[in-house]
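Chemist: okay, here's the prediction I keep looking at, along with the sequence it came from:
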Amino acid sequence: PEYALDAMARAYAQRIALFGGVAFTATAATMFRLTFVDLGWDVTEPITYFIQVSGALGWYWFFIVSRNEASYVSAWDWLYHRRRAQLYKSAGLVPPKEAAKKAA
């Protein structure tokens, strides 16, 4: 059962990462269309600035709150381990990290 829970947690983290990639791609495509087809750079420049600053602040606060090193790998690990702990708790099992602490 632990292997299945680990696989579910890994799939969750991969889904979130995939969603992030799709969101970045959709944002880039939308900004391309707004810049070169619909509105022009004069209108979309402040929008792109706002999107970039909002993203940077979001990442900054995520790493401040989670107390992790600022990298995509640590964000993925944080998502994986958090979901894994939730799944283990809902199944009535002790997550491996906690089991090692109790054994010591």
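Modeler: Received it, and whenever you're ready, just let me know what you need. This one's a predicted model, so the numbers in the text were calculated from it and none came from an experiment. Numbers count the residues shown, from 1 in each chain.
Chemist: going forward, measure contacts and count neighbours with C-alpha atoms only.
Modeler: OK.
Chemist: go ahead and confirm residue 80 touches residue 13.
Modeler: Yes - using Cα atoms under 8 Å, residue 80 is in contact with residue 13, at 5.3 Å.
Chemist: for the helix or strand where residue 78 lies, which positions count as buried?
Modeler: Applying DSSP states H and E as the criterion places residue 78 in helix 72-90. Residues of helix 72-90 classed as buried: 75, 76, 79, 80, 81, 83, 84, 85, 86, 87, 88 (neighbour count, 16 or more other Cα atoms under 10 Å).
Chemist: pLDDT averaged over stretch 33-52 - what is it?
Modeler: The pLDDT scores in stretch 33-52 average 92.
Chemist: ok, back up a step: which member of the buried residues of helix 72-90 is positioned nearest residue 52?
Modeler: residue 75 (18.8 Å; Cα to Cα).
Chemist: where does the helix ranked longest in the chain sit relative to the chain's centre, distance-wise?
Modeler: Determined from DSSP state H, the single longest helix within the chain is helix 2-33. Mean-position distance between helix 2-33 and its chain equals 8 Å (Cα atoms, centre = their mean, to the nearest Å).
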